[in-house]
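>>> Sequence first, predicted model second:
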Amino acid sequence: MTDPQISAPALKPARDLAGSPSRFPGESAAYRRARNELLAEEIELRRHIERVAAQRRALPPGGEVPEDYPFESEAGPVKLSDMFGPHDTLITYNWMFGPRRTRPCPMCSSLLAAYDGEVPDILQRVGFAVIGRAPIDRLVAFKQERGWRYLPLYSSGGNTFNRDYAAEDPDGDDNPALNVFTRSGGTIRHFWAEEMGPSTADPGQDPRGAPDLMPLWLLLDKTPGGRGRDWYPKLNYDTAAA
């Protein structure tokens, strides 16, 4: 296996690339100096993200999936293998919408709303599935309520997929989870899972992966106020219901 660190080409120092010619109306010299210092850090961050992605791609084969789990789709019964479509890679997102919930998780729903428009592009490269434990008709009803057009929904209420790959207690709370699976020669293997959570969170920060999965937070991180510590997405903004 090729070490991505060894094979990477030599890169110019980030500070050499950070002398941005950009100038905006009214900016001070102090602002431009600080902004270029920040730009060097942003370049380093981009490079680190790519190094981590290369390390992820170089993972050895993961565990073989114990069964071809049965699901209920919007079109009827399917198995995990069907979710791949024509691809050899499948991304699954565990939506916190279990049978005990009257409404789904607002954070999950905000994330899925952002992904909905990307699904036609995602499906050009990989399979994609949104999985909840609630009955399929309830998942679909919420999809229609929100005007989602493309998200492929699957109910896992009749199997142990969520317990196996999202560490969910079948009688307790739902957990969000992002998993990636591969298929080769009829064998399905687990490739990667988002494993950063409360136990890996830094003081004063919400638990999250890196890079963050939510476009909402990535945009707010570019603002002076950032993502804040006292605001989270809601399902409805015109009522007290979350």
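Right, received. Where do you want to start?

>>> which residues touch residue 142?
Neighbouring residues of residue 142 by Cβ atoms under 8 Å, 6 or more residues apart in numbering: 97, 103-104, 109. Glycine gets a C-beta too; all of them are placed from N, C-alpha and C.

>>> do residue 104 as well
By Cβ under 8 Å, 6+ apart, the contact set of residue 104 is 95-97, 132, 134, 142, 235.

>>> again, 7 Å this time
Residues in contact with residue 104 (Cβ atoms under 7 Å, 6 or more residues apart in numbering) are 95-97, 142.

>>> just checking, which of these belong to helices?
Among the contacts of residue 104, DSSP state H puts residue 142 in helices.

>>> Beyond the longest helix along the chain, next helix or strand please.
If you go by DSSP H, the chain has its longest helix at helix 29-57. Counting by DSSP states H and E, the element after helix 29-57 in chain order, helix or strand, is strand 70-73.

>>> right, and residue 93 touches residue 175 too?
No: Residue 93 is beyond contact range of residue 175, at 11.5 Å (criterion: Cβ atoms under 7 Å).

>>> Provide the secondary structure category for the most centrally placed residue in the chain.
The centre of the chain sits closest to residue 213, judged by Cα atoms, centre = their mean, with a distance of 3.9 Å. What DSSP: H, G, I helix; E, B strand; the rest coil gives for residue 213 is coil.

>>> Now do the contacts for it.
By Cβ under 7 Å, 6+ apart, the contact list for residue 213 reads 111, 178.

>>> same thing with the one 4 residues further on?
For residue 217, the contacting residues are residue 227, by Cβ under 7 Å, 6+ apart.

>>> separation between it and residue 114?
10 Å (Cβ to Cβ, to the nearest Å).

>>> same deal with residue 51?
26 Å.

>>> which residues in this protein form strands?
70-73, 76-79, 89-94, 127-132, 153-155, 177-184, 187-193 (DSSP state E).

>>> Out of those strands, the one nearest residue 228 is which?
Closest to residue 228 of the strands of the chain is strand 177-184 (Cβ to Cβ; 23.6 Å).

>>> Please identify the pairing partners of the closest one and their relative orientation?
Sheet pairing of strand 177-184 (DSSP bridges) gives strand 89-94 (antiparallel), strand 187-193 (antiparallel).

>>> Strand 127-132 and the first one, what's the angle between them?
Going back to what we said before, that points to strand 89-94. Angle, strand 89-94 to strand 127-132, by axes from the mean of the first three to the mean of the last three Cα atoms, to 10 degrees: 20 degrees.

>>> Just the CA atoms of strand 89-94, as PDB, please.
Provided in PDB are the C-alpha atoms of strand 89-94 (Å, rounded to 0.1, in the frame of the first residue of the first chain):
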ATOM      1  CA  THR A  89     -19.800   2.200  -2.800                       C
ATOM      2  CA  LEU A  90     -22.800   3.100  -0.600                       C
ATOM      3  CA  ILE A  91     -23.200   6.000   1.800                       C
ATOM      4  CA  THR A  92     -25.900   5.500   4.500                       C
ATOM      5  CA  TYR A  93     -27.200   8.200   6.900                       C
ATOM      6  CA  ASN A  94     -29.100   7.100  10.000                       C
END
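
>>> For that strand, which residues meet the burial criterion?
If you call a residue buried by 16 or more other Cβ atoms under 10 Å, then strand 89-94 has these buried ones: 90-94.

>>> Show me what that strand is in contact with.
Strand 89-94 is contacted from outside by 83-84, 126-131, 162, 166, 175-182, using Cβ under 7 Å, 6+ apart.
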